[in-house]
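> Next input, structure requested:
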Amino acid sequence: MIIDSPVFATETDALLKLFANQPAGPELDPYESLLLDRLELPDPDLAGTADLRTRPRDLRIELPGRTLEARVYHPVQSSGPTPVVLWLHGGGFIGGHLRDIEYATSRIAAEGNVVVVSLNYRLAPENPYPAGLDDAYETLTWIREHSAELKGDGRIAVGGQSAGAALAAGACLVARDNGTPPPDHQILCYPCLDLDQDTASYRLFDGTFLSIAPGRWSSAQYFPAGELPASAVPLRAQNLDGLPPALILAAGQDPLRDDARQYAERLDARLVEYADTMHAFLNFPAVLSAGRHAVELIGAHLREVF
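Down below sits the predicted model:
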């Protein structure tokens, strides 16, 4: 399914122009630049704000050897237990924060009538693979064990954006291969599911907000050298049998567009592609109507699934 609107291209071009016209910062090495980026707060004029139909609360999730920060969004209108959705932000496995995506996570909770647990998983280079994947998988287990505390009804979904979608997909593979209960559903928004892809979308759109060119610094910080397991690059999995059904969102002007398309072909999946839209469009709902539409679609999809 392709969703198109005359405004998608206009809004995307305007946002990309805004980013291109920002003044250049000081010359820094990549890690110094990353540390500064992690401190930058989201601009509500781009990122929007949290939905007032939810009751957010901060939570510390205790896992073996570490404590993770999360923010939980409870829909105000819900009077009883609901499904719980673990949500994982994007950021190339090295950046991103739950505060960047509060519009999406809170509104998914309100529109989907679900509890959303938005997780700050560990990031590279301080914590390379499989740290983020371990956090996603073990947090799913934690959610199962604390379902009543979260006001959950026992049903669980996992979702995320870009690198977070890769972790969500990888956690489903780990659950299947470990023989532990997988989530009931997965939601993968413009997922990064392979490394050094040579796809049509890479050749057409690399550098449009995002580059996935081989040898990039960010990938080298997260991925180990040598052969990668399918949990790191889910598109390389020999089979996808036994995985939960999925909603997969793609962006038409995204170098990762074909990752979404290829994965959807192999899964029990509903693929929705937003034409003329860039990668990470859910992060900018205040200026990208595709982002607002997608969040509403995810909420409606969850109501239908659950």
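
> mind checking which helix or strand residue 119 is in?
For residue 119, the host element (DSSP states H and E) is strand 115-120.

> Report the strands that pair with that strand, each with its relative direction.
strand 66-75 (antiparallel), strand 82-88 (parallel) (DSSP bridges).

> Among the ones you listed, which comes closest to residue 59?
strand 66-75 (4.6 Å; C-beta to C-beta). For the C-beta atoms, the positions are set from N, CA and C on the backbone; glycine is no exception.

> Contacts for the strand holding residue 119 next, please.
With C-beta atoms under 8 Å, 6 or more residues apart in numbering as the test, strand 115-120 has contacts from 54, 59, 61, 68-75, 82-89, 97-98, 101-102, 105-106, 108-109, 135-136, 139, 143, 150-152.

> Can you go through these and name the buried ones?
54, 59, 61, 68, 70-75, 82-89, 97-98, 101-102, 105-106, 108-109, 135-136, 139, 143, 150-152 (16 or more other C-beta atoms under 10 Å).

> what ranges do the helices span in the stretch 101-250 of the chain?
102-112, 131-145, 163-178, 200-205, 217-222 (DSSP state H, counting those that start in this stretch).

> got the angle between the longest one and strand 82-88?
Angle, helix 163-178 to strand 82-88, by axes from the mean of the first three to the mean of the last three C-alpha atoms, to 10 degrees: 120 degrees.

> so where is the protein shaky, pLDDT-wise?
Within the chain, no range satisfies pLDDT under 70.

> how about 80 then?
24-26 (pLDDT under 80).

> thought residue 292 was touching residue 285?
Yes: in this structure residue 292 lies within contact range of residue 285 using C-beta atoms under 8 Å: 4.7 Å.

> More neighbours: which of these two?
residue 285 (23 against 19; other C-beta atoms under 10 Å).

> Could I get the phi/psi values of that one?
phi -70, psi -20 (degrees, to the nearest 10).
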